[in-house]
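> build the 3D model from these lines:
(one chain, ligands or ions: 1)
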Amino acid sequence: MTGISLLGVPNDENSSLLRGPADAPAAIRRELHAETQSSWSETGFDLSAPSCVMDRGNIAFDAAADPWDMIEQDVDRLMALGMPLLCLGGDHAITHPIMRAVRRHHPKLTILHVDAHPDIYHAYQGNPRSHTSPFARIMEEGLADRLIQVGLRTINDHHRDQFRRFGVEVVAMGDWRPGLRFDIDTPVYLSIDIDGLDPAFAPGVSHREPGGPSPRQVINLIHSINQPIVAGDLVEYNPHCDIGNQTAAVAVKLMKEMAGMMLKTCQV
Ligand SMILES: [Mn+2]
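Prediction:
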């Protein structure tokens with residue numbers, strides 16, 4: 001059995017309001033390794049086994065290099081190993097350089113994206129790399145064949161224009177029905193913004209948007225994927241906004257189920 005790679009991407013310099021997600025990889029690992037945590041996924045993998053999860057540490061950003069180049073290079077190097085890759089953000093802006101590298105290894109690819117926000121602004125505050133814009137860049141560059149966005153509850157008219165322009169498939173939160181699943185016939189990139197969850201469960205985010213799904217609903221959606229999950233990210237956890245480490249525990253739970261499904265769907 002091949003394991004998966006875990007990579008921390010501690011970058012939040014394109015957040016539009018609050019900083020903090022750069023501290024998430026360390027906080028999530030701390031919770032993951034806490035003695036109170038089970039290391040097992042519901043899909044039956046012991047994630048503490050080195051054969052299941054290879055932790056590649058964090059990207060070491062330095063001022064001399066463009067962080068987008070560093071992210072793309074590190075992700076490309078890890079994808080070349082042929083193992084699924086789970087990235088811990090960081091804010092959502094990082095998904096763009098991650099996808100530049102992932103796409104090189106997957107000519108067929110569907111993005112399944114859970115979020116309160118579409119993150120598809122053409123630009124925000126004059127910043128095309130804004131954490132509100134990664135999916136505009138991804139679709140402009142043709143980095144996915146399909147983009148499916150789920151759980152949205154902040155859609156405005158500009159977003160609707162962008163959905164039409166890029167052919168985005170949207171299941172707004174109000175349309176999320178029990179048993180939600182998608183018919184996908186390509187490998188999958190799974191992008192989960194912690195603020196996609198209801199802030200009652202996950203208050204540790206920069207932009208709280210009530211009216212979202214429970215962890216169980218998101219886990220059931222993850223478990224419904226029947227194509228190889230070749231890579232993914234878990235982004236926007238902001239430890240500075242958390243209540244105790246409530247959201248860290250939710251992040252670890254989602255991470256375990258993402259990893260467990262990568263292991264299940266990518267086994268040969
Ligand atoms: Mn969001």
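> okay, helices next: where are they in the protein?
24-32, 67-79, 95-105, 134-140, 157-166, 215-223, 246-266 (DSSP state H).
> tabulate those helices (CSV), appending distance to residue 185 and mean pLDDT.
Backbone N, C-alpha and C define where each C-beta goes, glycine included. Shown next, in CSV, are the helices of the chain (distance: least, Cβ to Cβ, whole Å; pLDDT from 0 to 100):
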stretch, distance to residue 185, mean pLDDT
helix 24-32, 32, 97
helix 67-79, 21, 98
helix 95-105, 17, 98
helix 134-140, 19, 98
helix 157-166, 19, 98
helix 215-223, 18, 98
helix 246-266, 13, 97
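> can you redo those as a markdown table with mean neighbour count?
What follows is those, written out as a markdown table (neighbours: other Cβ atoms under 10 Å):
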| stretch | mean neighbour count |
| --- | --- |
| helix 24-32 | 21 |
| helix 67-79 | 19 |
| helix 95-105 | 23 |
| helix 134-140 | 23 |
| helix 157-166 | 14 |
| helix 215-223 | 19 |
| helix 246-266 | 23 |
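> could I get these as TSV with distance to the ion?
Putting the helices of the chain into TSV (distance: least, Cβ to the ion, whole Å) gives the following:
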stretch	distance to the ion
helix 24-32	14
helix 67-79	19
helix 95-105	11
helix 134-140	11
helix 157-166	12
helix 215-223	13
helix 246-266	13
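> I'd like the ones you listed written out as CSV, with distance to residue 85 added.
Below are these laid out as CSV (distance: least, Cβ to Cβ, whole Å):
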stretch, distance to residue 85
helix 24-32, 14
helix 67-79, 5
helix 95-105, 8
helix 134-140, 16
helix 157-166, 24
helix 215-223, 16
helix 246-266, 8
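> what residues does the chain have near the ion?
115, 116, 117, 193, 195 (Cβ under 5 Å from the ion).
> isn't the second one right next to residue 153, touching?
By that I understand residue 116. Yes - at 5.5 Å, residue 116 and residue 153 qualify as touching, with contact defined as Cβ atoms under 8 Å.
> quick revisit: who wins on neighbours among the residues of the chain next to the ion?
The most crowded member of the residues of the chain next to the ion, judged by other Cβ atoms under 10 Å, is residue 195 (29 neighbours).
> mind listing what that one touches?
Residues near residue 195 by Cβ atoms under 8 Å, 6 or more residues apart in numbering: 115, 116, 117, 202, 205, 206, 207, 208, 209, 212, 236.
> identify the residues contacting the fourth one.
The one in question is residue 202. Here residue 202 is in contact with 194, 195, 215, 237, 246, 247, 250, 251 (Cβ under 8 Å, 6+ apart).
> re the thing from before, which of the residues of the chain next to the ion lies closest to residue 80?
residue 193 (26.9 Å; Cβ to Cβ).
> excluding chain neighbours, what is closest to the closest one?
Once flanking residues are discounted, residue 193 sits nearest to residue 115: 4.0 Å by Cβ to Cβ, 6 or more residues apart in numbering.
> same deal with residue 240?
residue 20 (4.1 Å).
> ok, the one you found to the ion distance?
Applying Cβ to the ion, to the nearest Å, the value for residue 20 to the ion is 14 Å.
> wait, doesn't that residue sit right on residue 241?
Yes - taking Cβ under 8 Å as the definition, residue 20 is a contact partner of residue 241 at 6.5 Å.
> which residues do the two both contact?
Shared contacts of residue 20 and residue 241, counting by Cβ under 8 Å, 6+ apart, come down to residue 206.
> mind listing which of the contacts of residue 195 are in strands?
The strands, defined by DSSP state E, take in nothing from those.
> got those residues as CSV, with pLDDT columns?
Shown next, in CSV, are those (pLDDT from 0 to 100):
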residue, pLDDT
115, 98
116, 98
117, 98
202, 98
205, 98
206, 96
207, 96
208, 98
209, 98
212, 98
236, 97
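> just give me the closest of those residues to residue 61.
Distances from residue 61 to the contacts of residue 195, taken by Cβ to Cβ, are shortest for residue 236, at 17.9 Å.
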